[in-house]
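*Asks:* Sequence first, then the predicted structure:
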Amino acid sequence: NINSNNQFDFKNKIELREIDYFYPNSKIKIIDKLSLQISFGEIIGIIGQSGAGKSTLIDLIIGLLTPSNGKILIDGKNIDLEKQNWQKQIGYIPQEVYLFDDTIKSNIAFGIPENKINYKNLKEAIKLAELEEFIQSLPEKENTIIGDRGTKLSGGQKQRIGIARSLYFKPKILIFDEPTASLDIKNEEKIMSHIFNLGGDLTILIISHRLSILKDCNKIVNLVNGKIDKISTYKSLLNNN
Ligand code: ADP
């Protein structure tokens, strides 16, 4: 575990206390007096229309943005004091995964010299991201060069590399930004069920427009104009639609 030398390991909860956020030079409150608690091991869905503030909220939780008012505590510690340690524990999976002109294994164990790759982590990550079959089908397996000058990958395969890249580093919290944008349904269900099975060991935040992907969430936060309109379960959300 790469985090084992950290002074600080996320174990308990993330607390957002009456957070406001204004972008610099803007008078519009994008996040408005928002309070939320996320317990370790929870799987939280974040929904809301485009412009509601979902990405801004995630950027605040990651510590890329600093609240204009209010505070964010990680296990009771102000996020500003632990930013680097905190960020090391976050696996972020963007909508668009960037691949380097390098082997699959180096794209997953990103930034790790080849002779230092932890093959146990690599194998687990490949398995959880449903990449095993694909990698086995390649002539040079995980040593196959991908990216611009190597094997071209589909959008879904790229995203699965992104998921494996996050999981390789054994994050404490995994954040998906619209994960299904490029995943096909079959893989989406398999990957998400593997990842949901990690729930308990891992805290998961998922921004999604697609309700179906949120069915295993403990709670689903509906953002409207930077405020939490409602926190629901998947069932109650379906019954209200
Ligand atoms: P969502 O993820 O729900 O679509 P965002 O958090 O991306 O919402 O955006 C919320 C609001 O913040 C939008 O009105 C958007 O225009 C505004 N916004 C986002 N980024 C910036 C920025 N860098 N500067 C100013 N306004 C921004």
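*Replies:* Looks like it came in fine. The structure displayed is predicted, hence computed values, not measured ones. Numbering: from 1, shown residues only.
*Asks:* From here on, just use CA atoms for contacts and neighbour counts.
*Replies:* OK.
*Asks:* Tell me which stretches of the chain form helices.
*Replies:* Under the criterion DSSP state H, the chain contains helices at 54-62, 83-88, 104-108, 119-128, 132-136, 155-168, 185-197, 234-240.
*Asks:* Up against the ligand, what does this structure have?
*Replies:* 23, 30, 49-56 (Cα under 6 Å from any ligand atom).
*Asks:* now, which of these sits nearest Arg160?
*Replies:* Minimum distance to Arg160 across the residues of the chain next to the ligand is 20.9 Å, recorded for Ser55 (Cα to Cα).
*Asks:* For the worst-scoring helix or strand of the chain on mean pLDDT, buried residues please.
*Replies:* For the chain, counting by mean pLDDT, DSSP states H and E, helix 185-197 ranks last in confidence among helices and strands (a mean of 75). Within helix 185-197, the residues that qualify as buried are 187-188, 191-192, 195-196, counting by 16 or more other Cα atoms under 10 Å.
*Asks:* rewinding a little: confidence-wise, which of the helices of the chain is weakest overall?
*Replies:* Note on the helices of the chain: lowest mean pLDDT is at helix 185-197, with a mean of 75.
*Asks:* could you check the angle helix 155-168 makes with that helix?
*Replies:* Relative orientation of helix 185-197 with respect to helix 155-168: 10 degrees, computed using axes from the mean of the first three to the mean of the last three Cα atoms, to 10 degrees.
*Asks:* who does helix 185-197 touch, helix- and strand-wise?
*Replies:* When contacts are defined as 3 or more Cα pairs under 8 Å, 6 or more residues apart in numbering; DSSP states H and E, helix 185-197 sits against helix 119-128.
*Asks:* Now do the helix it packs on against helix 155-168, angle only.
*Replies:* Compare the direction of helix 119-128 with that of helix 155-168 by the same axes, to 10 degrees and you get 140 degrees.
*Asks:* Tell me the spacing between Ile79 and the ligand.
*Replies:* 20 Å (Cα to the nearest ligand atom, to the nearest Å).
*Asks:* ok, that residue - contacts?
*Replies:* When contacts are counted by Cα atoms under 8 Å, 6 or more residues apart in numbering, Ile79 touches 63, 72-73, 86.
*Asks:* ok, and the most crowded of these?
*Replies:* Within those, most neighbours by other Cα atoms under 10 Å means Ile72, with 25 neighbours.
*Asks:* isn't it right up against Asn78?
*Replies:* Yes - assessed by Cα atoms under 8 Å, Ile72 is found in contact with Asn78 at 6.0 Å.
*Asks:* Farthest-apart pair in the contacts of Ile79, please.
*Replies:* Going by Cα to Cα, the pair spanning those furthest: Ile72 and Trp86, at 11.8 Å.
*Asks:* Grab the most central residue of the chain for me.
*Replies:* Centrality entry for the chain: nearest residue to the mean C-alpha point is Ile175, 1.5 Å, by Cα atoms, centre = their mean.
*Asks:* Quick check: that one touching Gln89?
*Replies:* No - under the criterion of Cα under 8 Å, Ile175 makes no contact with Gln89, lying 10.9 Å away.
*Asks:* relative to its centroid, which residue of this structure is most remote?
*Replies:* Distance-from-mean max, the chain, by Cα atoms, centre = their mean: Pro139 at 30.8 Å.
*Asks:* I'd like to know how far it sits from the ligand.
*Replies:* As for Pro139, its distance to the ligand is 40 Å (criterion: Cα to the nearest ligand atom).
*Asks:* tell me the phi and psi of that residue?
*Replies:* Per-residue torsions, Pro139: phi -60, psi -40 (degrees, to the nearest 10).
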